[in-house]
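A.B. asks: Give me a 3D structure for the following:
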Amino acid sequence: MIVYPNAKINIGLNVVARRPDGYHDLETVFYPIDLQDALEVHGIQEEEPMTGDGYQLKVGGTVLGGVPDDNLVVRAYQLLRRDFPDRVQPVSIYLFKHVPTGAGLGGGSSDAAFMLKLLNERFDLGLTTEQLEERAARIGADCAFFVRNTPVFAEGIGNVFSDIRLSLAGKTLVLVKPDVFVSTADAYRLVRPQRPEKSLKDLLAQPIEQWKDAVKNDFEASVFPKYPEIAAIKDRLYDLGAVYASMSGSGAAVYGIFNEPVEHVDEVFAGYFCRQRTLQ
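C.D. replies: As a prediction, the model looks like this:
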């Protein structure tokens with residue numbers, strides 16, 4: 001079985017409060033985009049050599065560091081294997097990474113959520129959407145979003161979802177990521193939590209042409225001074241005619257939303273990860 005886990009962007013991101021547990025309360029919109037990894041799972045025999053307990057793992061595309069057990073796809077497999085030890089069998093996992101890591105695009109979270117959905121189908125576990133979301137939330141705050149994989153307004157630590165009427169269908173997305181790693185921990189440490197005067201939902205109900213000076217990503221205030229290259233990408237996207245541009249999550253990817261496709265955009269951002277997509 002093969003599935004194609006997609007990325008997301010954050011549209012607006014307000015860090016509204018620091019929680020007693022050390023995490024932060026947010027408000028943001030998660031919007032799925034057509035930038036995908038590939039995840040394939042096959043059965044294997046117990047006697048075959050395995051990377052870890054019950055699985056083989058091969059990763060292609062973007063090189064990932066760390067040990068296999070830390071991979072969120074593996075954590076998703078292990079979670080269901082613990083819950084259903086008699087039904088979830090040993091598997092061979094092949095993950096081809098196209099969504100860049102450390103970008104604020106949710107690539108690893110998406111891989112984990114799609115793994116849960118794939119295993120649920122493959123082994124006929126009968127988990128409902130709500131049960132899949134509950135398990136996904138154990139792996140990561142935004143993992144549950146990718147179960148339904150539709151635009152949502154997210155609160156809490158990024159794990160409390162409500163419906164939002166927002167469609168960017170037909171708009172062009174230009175996504176750019178420099179070869180820069182932004183520490184999420186540092187981004188949170190430097191941000192100043194505050195509740196905005198106007199609801200993000202209300203701001204996004206306005207025409208997109210009015211978002212530029214109203215819809216903010218709070219992480220930009222701390223990330224841009226430290227990484228001016230990221231700020232310069234946002235400025236360049238506006239120079240090219242974006243109606244709205246923003247960093248996604250805590251970075252380092254930046255996106256611009258355009259009314260029309262941008263010619264020669266790969267040349268403009270030569271040397272960067274750059275993709276142009278039509279939004280759905």
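
A.B. asks: C-alpha from now on. contacts and neighbour counts both.
C.D. replies: Will do.

A.B. asks: and the nearest residue to Gly126 once chain neighbours are set aside, how far is that from Leu26?
C.D. replies: Using CA to CA, 6 or more residues apart in numbering and skipping residues adjacent in sequence, the residue nearest Gly126 is Asn120, 6.6 Å away. According to CA to CA, to the nearest Å, Asn120 and Leu26 sit 30 Å apart.

A.B. asks: Looking at those two, which is more packed in?
C.D. replies: Leu26 (23 against 17; other CA atoms under 10 Å).

A.B. asks: What count of nearby residues applies to the closest residue to Ala214 other than its chain neighbours?
C.D. replies: Nearest-residue entry for Ala214: Leu203, 6.9 Å, with adjacent residues in sequence omitted and distances by CA to CA, 6+ apart. Leu203: 15 surrounding residues under other CA under 10 Å.

A.B. asks: and if you look at the one 10 residues further on?
C.D. replies: Counted with other CA under 10 Å, the neighbours of Asp213 add up to 8.

A.B. asks: still on that earlier bit, my guess is the residue nearest to Gly126 meets Leu127, correct?
C.D. replies: Yes: judged on CA atoms under 8 Å, Asn120 makes contact with Leu127 at a distance of 6.5 Å.

A.B. asks: Now list whatever residues contact both of these two.
C.D. replies: Contact criterion CA atoms under 8 Å, 6 or more residues apart in numbering; residues shared by Asn120 and Leu127: none found.

A.B. asks: ok, then the element right after the host helix or strand of Asp266?
C.D. replies: In the assignment (DSSP states H and E), Asp266 maps to helix 265-268. Under the assignment DSSP H and E, the closest C-terminal helix or strand after helix 265-268 is strand 273-278.

A.B. asks: what packs against that following strand?
C.D. replies: strand 24-36, strand 172-177, helix 265-268 (3 or more CA pairs under 8 Å, 6 or more residues apart in numbering; DSSP states H and E).

A.B. asks: Strand 24-36 and the second one, what's the angle between them?
C.D. replies: For strand 172-177 against strand 24-36, the angle by axes from the mean of the first three to the mean of the last three CA atoms, to 10 degrees is 110 degrees.

A.B. asks: what angle sits between strand 172-177 and strand 273-278?
C.D. replies: Using the same axes, to 10 degrees, strand 172-177 lies at 170 degrees relative to strand 273-278.

A.B. asks: Output the contacting helices and strands for the helix holding Asp266.
C.D. replies: Packed next to helix 265-268, using 3+ CA pairs under 8 Å, 6+ apart, are strand 273-278.

A.B. asks: Give me the contacts around the strand it packs on.
C.D. replies: Applying CA under 8 Å, 6+ apart, the set of residues contacting strand 273-278 is 33-35, 169-179, 261, 265-266.

A.B. asks: Please repeat the previous calculation with a cut-off of 6 Å.
C.D. replies: By CA atoms under 6 Å, 6 or more residues apart in numbering, the surrounding residues in contact with strand 273-278 are Lys171, Thr172, Leu173, Val174, Leu175, Val176, Lys177.

A.B. asks: can you list these in CSV and add distance to Tyr244, neighbour count and pLDDT?
C.D. replies: CSV is the format used below for the contacts of strand 273-278 (distance: CA to CA, whole Å; neighbours: other CA atoms under 10 Å; pLDDT from 0 to 100):
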residue, distance to Tyr244, neighbour count, pLDDT
Lys171, 11, 17, 98
Thr172, 11, 20, 98
Leu173, 10, 25, 98
Val174, 11, 23, 98
Leu175, 12, 25, 98
Val176, 14, 24, 98
Lys177, 17, 26, 97
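
A.B. asks: Right, I'll call it a day here.
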